[in-house]
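> sequence plus the predicted model coming up.
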Amino acid sequence: MRKILCLFFLGVVCSVSTAWADEVADAKAAFAQGQWPRLERMARDMRGDLLGDFVQYWWLLSQLSTAPGQQIDDFLAQEQDPYIAERLRSAWIHELLRRQDYAAIPAQFARLLAPHEDSQCADWRAQQVLAQTGWRRPARARWLQASALPAACRPLYEAMAASGDLDEDLLFRRVRLTLAHDDESELRFELQLLGRSWPEHALMLARAQPQSFIAQADFQNRLQRELVLFAIERCARGDREVARQILQAHVSELPVGARAYAWQSIGLQAAYHQEVAALADFARAGTLSGAAREWEARMALRAGDWSRLRQAIAHMEASQAQQRVWIYWQARALQQAHKVQAARRLLARLSDDDDYYGLLARDQLGPLLRRPFDAEPTASAMQWAEHAVGLRRALALRDAGLHYEATQEWNWTLRGASDAQLIAAAELAFRQAWYDRAIYAAERTHELRSLRLRYLAPYHEVLVTYADELHLDPAWVYGLIRQESRFTTVARSGVGARGLMQIMPATAQWVARHLGLHYHVAAMNEVGVNVQLGTYYLKHILDELDDNPVLATAAYNAGPRRARQWQGDQAMEAAVYVESIPFAETRDYVKKVMTNAEHYALAFDASHHMVLHLQVVPARAGAVLQGP
């Protein structure tokens, strides 16, 4: 039985015996199964233990609907763990909303460090009831965002609709956004606020037979007009030209704003299919959303229309145009306009950073002569990390198999940590083979940087052996694994990908057959097996896709057929190919993997110049792709 120093309640330091590393997992199970007497007993027995506050939290959470407010307030006043306090306070706010104790909500909300949307909506609702000011504008702004609303936000918006704070136009603007995402649950809620019945037949027809629906639609009815816009967008998914013809035929029956939205919808679908005809659709729309303006810029890149690219960036909101992606492409457009000095000034702003656009900028300017300083943890910072209760609690939770709680505890403990403390925490995690948290901590620094900890290279012998056998660049393999799993051997995605290289079961079985290996799922968590199968598949798609690492990287994330489909009829600059990938996840993935690879190349070869020269993506080939 080991001894652990802990901070308990009002900061009292105590040394207690802990035999609870296994029992805390049982306590979570008791909470999940509703075994309240057992959970209460464990909370009492574990009081004062390093992990005891988690059990206390689960116990209070189980009693929240009946607990006296003073009991919750007393616990929150004493609780030293920021993660536990945040979680319980958020749950308590929702309970206060259920109890309609509106007066108590603002004070609790003000103490949240990182409030979620549901807590924010509870606070807005409380302010509304208490006749306070300042909540209407942000609440309306959230209503007009495309993402789904948390259930806790619905009472607020029901009250706003009843009071007139959401008029019919605002309600229908939300309906349009919801139809674009085809979210039936959200749409039912919005139509309920409008007092409209559920349009079962009309919605089914607009979804399945958009042309038939449009032909019989009543354009004088606002809901029918919104369904027409939905039907045009559905039609454009399959045939942009037919959608254009339909819109042209009915354009006079639509208000100006609806026409612009319809042209934008067709343009977006064309852009997602990488058709430069999208530029004409966007021009017809005139007014574009921020997302559509970005796609206008991407299609201008695909078309090689640098003037149109500059125009698209010029029409972006200031905050959007100042994103690093658009600063880079603005610089490239200025180069094409022979405004060399203006372009160099923008590229110089980017080149001080070692991210994707910083490395691309150096490819235009030439590599920087400086070598980045690689900070190491100081003795005093290591002492802090080794004694930080939150970090030790996170490690104990990890040992107990509570990976979600461990990760959250680690992350919350590092809120507000200095660069030196973050680097020390990264070193501590590295020594404990908790590689993803080591990278997390190292990436959060601002001034000091530890590239060694940001770009860890564990399992070196295994990875390099298999990479060399297949003539793969080890830096590229490391860059891909870092993005896929952060070197977590038991990583598993929501769609079933497993292990270091996040291999899908069907892909693993296909590779195993080709290698003459017996496949079984559990083996995918073994480093050697996972890397053997993953590198073989990576080499396979590299060979299939013109020996081009950018294409192969896109293929590893989205599938080789999509990567091939995204190529053009003519060769193009690889950075243009990457920027115009339709899937945001894959676009970001390729940028990060290729950037990671550069950093690993530097780690493996000190003479390497940190620039990102992606070269050219060839024209689409006609050969049939083999494999999964």
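Arrived safely. Residues are numbered from 1 along each chain as shown.
> can I assume residue 628 is in contact with residue 513?
No: contact criterion C-beta atoms under 8 Å: residue 628 and residue 513 do not qualify, at 10.7 Å. C-beta here means a position set from N, CA and C on the backbone, and glycine is covered the same way.
> of these two, which one has the most company?
residue 628 (15 against 11; other C-beta atoms under 10 Å).
> in contact with the more buried one, which residues?
Residue 628 makes contact with 504, 506, 507, 510, according to C-beta atoms under 8 Å, 6 or more residues apart in numbering.
> now list the buried members of those residues.
For the contacts of residue 628, a burial check counting by 16 or more other C-beta atoms under 10 Å picks out 504, 507, 510.
> do you know how far residue 317 is from residue 323?
According to C-beta to C-beta, to the nearest Å, residue 317 stands 10 Å off from residue 323.
> between these two, which is the more surrounded one?
residue 323 (12 against 9).
> where's the more buried one relative to residue 358, distance?
Residue 323 is 14 Å from residue 358, by C-beta to C-beta.
> wait, doesn't residue 54 sit right on residue 26?
No: assessed by C-beta under 8 Å, residue 54 is found out of contact with residue 26, at 12.0 Å.
> compare the two and say which is more crowded by neighbours.
The neighbour count for residue 54 versus residue 26, taken as other C-beta under 10 Å, is higher for residue 54 (28 against 16).
> find the nearest non-adjacent residue to residue 116, please.
Nearest non-adjacent residue to residue 116, counting by C-beta to C-beta, 6 or more residues apart in numbering: residue 90, 6.4 Å away.
> for residue 350, same thing?
In space, residue 350 is closest to residue 361, 3.9 Å off (C-beta to C-beta, 6+ apart).
> same question, residue 291
residue 268 (7.7 Å).
> can you mark which positions in the one helix or strand that neighbour maps to are buried?
For residue 268, the element it lies in under DSSP states H and E is helix 256-272. For helix 256-272, a neighbour-count test (16+ other C-beta under 10 Å) marks 258-271 as buried.
> stretch 487-501 too?
Under the neighbour-count rule (16+ other C-beta under 10 Å), stretch 487-501 has 487, 488, 489, 491, 497, 498, 499, 500, 501 buried.
> the second one belongs to a strand?
No: counting by DSSP: H, G, I helix; E, B strand; the rest coil, residue 488 is located in no strand; its state is coil.
> tell me the phi and psi of it?
phi -90, psi 110 (degrees, to the nearest 10).
> excluding its backbone neighbours, what's nearest it?
In space, residue 488 is closest to residue 436, 5.2 Å off (C-beta to C-beta, 6+ apart).
> surely that neighbour touches residue 486?
Yes: counting by C-beta under 8 Å, residue 486 is a contact partner of residue 436 at 3.5 Å.
> hmm, back to that, dump the buried residues of helix 256-272 into JSON lines; add pLDDT and distance to residue 408 as well.
Shown next, in JSON lines, are those (pLDDT from 0 to 100; distance: C-beta to C-beta, whole Å):
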{"residue": "258", "pLDDT": "97", "distance to residue 408": "45"}
{"residue": "259", "pLDDT": "97", "distance to residue 408": "48"}
{"residue": "260", "pLDDT": "97", "distance to residue 408": "44"}
{"residue": "261", "pLDDT": "97", "distance to residue 408": "40"}
{"residue": "262", "pLDDT": "98", "distance to residue 408": "44"}
{"residue": "263", "pLDDT": "98", "distance to residue 408": "45"}
{"residue": "264", "pLDDT": "98", "distance to residue 408": "39"}
{"residue": "265", "pLDDT": "98", "distance to residue 408": "39"}
{"residue": "266", "pLDDT": "98", "distance to residue 408": "43"}
{"residue": "267", "pLDDT": "98", "distance to residue 408": "41"}
{"residue": "268", "pLDDT": "98", "distance to residue 408": "36"}
{"residue": "269", "pLDDT": "98", "distance to residue 408": "39"}
{"residue": "270", "pLDDT": "98", "distance to residue 408": "42"}
{"residue": "271", "pLDDT": "98", "distance to residue 408": "38"}
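> specify which member of those residues is nearest to residue 478.
residue 271 (33.3 Å; C-beta to C-beta).
> contact partners for that closest one?
Counting by C-beta under 8 Å, 6+ apart, residue 271 has contacts 278, 295, 296, 298, 299, 582.
> I'd like to know how far the fifth one sits from residue 234.
Distance, residue 299 to residue 234, by C-beta to C-beta: 21 Å.
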